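*Asks:* using only what follows, build the 3D model:
(one chain, ligands or ions: 1)
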Amino acid sequence: TYEYIVVGSGPGGGPLAANLARAGHTVLLLEAGDDQGSNPNISQILNFNRAGNDPSTRWDFFVKHSDDQDREAKYEHLVWKKEDEGFYVGTNPPGNAQQLGIYYPRAGTLGGCAMHNAGVSAMPPAADWDHIADMTGDETWRAANMRKYLTKIENAVYTPNDRNHGHSGYLTLTQSGVNVANSSDGRTLIEAMAQALGLGNVAIEDLLKRDMNADDAQRDESTGIFGQLRHADAQGRRVGTNTYIRATLKDPQAFPLTVQLNSLVTKVLFTASNSSSPTAVGVEYLYGKSLYSADPRYNASAEGEVRQVFASREVIIAGGVFNTPQIMKLSGIGPAAELEKHNIPVIVDLPGVGARMADNYETSLISLASRDLINTSGTHAVMLKSSVAAGRERDLYLFCGAFSFEGYWPGFPTDYGKSQYECAVVYIPSRNAGSVLLRSSNPRDTPEINFRFYENGGDQDLTAMLEGVKWARAVFQNVSSSLGPWKEVHPCKHPRTDCSEEEQKDWIRLQTYSHHATSTCQIGADGDKMAVLDSKFRVRGVKRLRVVDASAFPRVPGAFPVLPTFVLSEKATESILEDVRKGRE
Ligand SMILES: Cc1cc2nc3c(=O)[nH]c(=O)nc-3n(C[C@H](O)[C@H](O)[C@H](O)COP(=O)(O)OP(=O)(O)OC[C@H]3O[C@@H](n4cnc5c(N)ncnc54)[C@H](O)[C@@H]3O)c2cc1C
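*Replies:* Predicted structure coming up:
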């Protein structure tokens, strides 16, 4: 028995477990994967594409983007399983290949997806935090209050003298900054972008030092070029979940944290399933390597050992956006009809579990210069406001550089050679139309995941994304140097230059990808039957159970969810410790 059991070690659960232990509580952190923190594919942030393909951390999910079979079949990187068990990627599969779906990577490892992501670290607009305060009436969610969690956890080495940032937290943030401008070709392109933004003779170095997380009242409306921030140190080593957990484990006398790896939690244990207020008392898990079928090393005949462990204070679920709702449903918390279909006894009928999933939409403009680009390294960000931007906030986040990234599939990304340059376009406002449903009651099966892209507000969203693409295209066309003429790879494939807006929108609609899913166990208002959590992360209808991960956000926070999830973890720590102080159950 431990005081707290935390399930999952990503940016939600990992720091929370460490924080509770640092506050003197006994904590068991259960993680389905193992520790690859010393594997260079994982530990060096710029190896993120290698990390995403590394079988030692990879969890392969295959999802749908819509309910429309024809549309799904046109996705250029659709994944199939061949007869020889290998993957085929494309729209013309060999005979007898089985359609798996659209690849959506997750990391099943100590540190969660913060161990294979690109590490881009952006605070959301104030409106995203204020939305939670407005919905729940809990004023502690106001953006003005949430800033303190960022300054507590961050070590903003890129801005050492800025007192509105923190410099002693566990989360080192670095900026790709001026390196990007060190090559003449990179510089030429950024200068063309500055020109397109009407920035006149501003020094490129100054633009690349702009802080997208500045504590500035105008921040959410300010557009233009920014340095890309990452949770990594100056040597490019990933910093965050894994490093913070390891640092906490170094002093077991002071910090009573136990990390149990290779432990797939299968359900939460309750006092009595027929009680009027069921109380979480522990979890059941399978102990063994690669027990989840998303793991490429999965072997169905290795069944693992069933174990139980108990919590005297609370159980906290932080399995990530797909696994948290799966664990909740397997435990009897979810839509009653779905649970009954799988013969799972209902503890609480909570229809919001696994519903209203959201994600940022992402597309890309890739073009090939007329010659190889020289010495271009790194990426920078450009934030824009489209014509459909709600209120006054910027709604497009572009990251540009000499790379190609077109979404995910086993073996991603493509490489169009040394002349490639891309601006990836992330659309910030998100829609909640997706779902995570149980395929079966077997905890080793992956759930059925459907994002239902563009189901709500699609035209408006596509208009905004196309504007991002058109902006980047105009930059390429206006670069006055030996780099042109450019050959566009997509959306308007060279040699065509006359694609209509509708054609381009159709291409974007079909080929949009994503990797920032959130909101499958949302915080919501009292009285909202779809709300899964209250504003203190407590699961409604049961006692001593919380969810602390990206599932909890009512919508995707800004353009990139990882930093907000680190912040959320800090807020949850405070809520839990406050209950201890006040002697609340
Ligand atoms: C390829 C990729 C790139 C990304 N790039 C960025 C980026 O640059 N910037 C950004 O802001 N965001 C990025 N993201 C998203 C971001 O990393 C996630 O939003 C964030 O990690 C979510 O944190 P989490 O704690 O909710 O869950 P996760 O990070 O998914 O962690 C969940 C953990 O729980 C464990 N777990 C799951 N089920 C069980 C179980 N049953 N028992 C025990 N353990 C379990 C998993 O193994 C995992 O370690 C990216 C995501 C992906 C997939």
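
*Asks:* ok, whatever residue of the stretch 301-450 of the chain ends up closest to the ligand - contacts?
*Replies:* Proximity of the stretch 301-450 of the chain to the ligand (C-beta to the nearest ligand atom) peaks at G320, 2.7 Å away. C-beta: built from backbone N, CA, C; applies to glycine. Residues in contact with G320 (C-beta atoms under 8 Å, 6 or more residues apart in numbering) are 8, 10, 12, 106, 112-113, 549-551.

*Asks:* same thing with A51?
*Replies:* By C-beta under 8 Å, 6+ apart, A51 lies in contact with 41-42, 57, 107, 115-116.

*Asks:* give me the number of residues near L189?
*Replies:* 27 (other C-beta atoms under 10 Å).

*Asks:* and what about it, helix, strand or coil?
*Replies:* helix (DSSP: H, G, I helix; E, B strand; the rest coil).

*Asks:* against I225, how distant is it?
*Replies:* When distance is defined by C-beta to C-beta, to the nearest Å, L189 is 11 Å away from I225.

*Asks:* now swap in F560 and tell me
*Replies:* 17 Å.

*Asks:* do V567 as well
*Replies:* According to C-beta to C-beta, V567 and I225 sit 25 Å apart.

*Asks:* the nearest residue to E570 once chain neighbours are set aside: which element?
*Replies:* Spatial nearest neighbour of E570, excluding adjacent residues (C-beta to C-beta, 6 or more residues apart in numbering): Y149 at 4.0 Å. Element membership for Y149 (DSSP states H and E) is helix 143-153.

*Asks:* helices or strands up against that helix?
*Replies:* Other helices and strands packing on helix 143-153, by 3 or more C-beta pairs under 8 Å, 6 or more residues apart in numbering; DSSP states H and E, are helix 126-136, helix 562-581.

*Asks:* in a markdown table: those, plus mean pLDDT, mean neighbour count and distance to the ligand.
*Replies:* As requested, the helices and strands packed on helix 143-153 are arranged in a markdown table below (pLDDT from 0 to 100; neighbours: other C-beta atoms under 10 Å; distance: least, C-beta to the nearest ligand atom, whole Å):
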| stretch | mean pLDDT | mean neighbour count | distance to the ligand |
| --- | --- | --- | --- |
| helix 126-136 | 98 | 20 | 13 |
| helix 562-581 | 98 | 21 | 3 |
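
*Asks:* of the contacts of A51, keep whichever come out buried.
*Replies:* Among the contacts of A51, the ones that count as buried by 16 or more other C-beta atoms under 10 Å are 41-42, 57, 107, 115-116.

*Asks:* with adjacent residues omitted, what lies nearest to the residue in the stretch 101-250 of the chain positioned nearest to the ligand?
*Replies:* In the stretch 101-250 of the chain, the residue that lies nearest the ligand is G112 (2.5 Å; C-beta to the nearest ligand atom). Take G112 and drop its neighbours on the chain: the residue closest to it by C-beta to C-beta, 6+ apart is G10, 2.3 Å away.

*Asks:* neighbours of R237, how many?
*Replies:* For R237, the neighbour count with other C-beta under 10 Å is 15.

*Asks:* quick one: list the elements packing against the longest strand seen in the chain.
*Replies:* Looking across the chain with DSSP state E, the single longest strand is strand 420-437. Using 3+ C-beta pairs under 8 Å, 6+ apart, the elements in contact with strand 420-437 are helix 320-330, strand 357-368, strand 396-401, strand 448-450, helix 458-478.

*Asks:* next structured bit after the longest one?
*Replies:* In other words, helix 458-478. Following helix 458-478 toward the C-terminus (DSSP H and E): strand 487-490.

*Asks:* check what contacts that next one and list those residues.
*Replies:* Contacts of strand 487-490 (C-beta under 8 Å, 6+ apart): 364-368, 370, 404, 406, 416, 420, 473, 476, 494-495, 497, 507, 511.

*Asks:* quick check, pLDDT for S275.
*Replies:* Note for S275: predicted pLDDT of 64.
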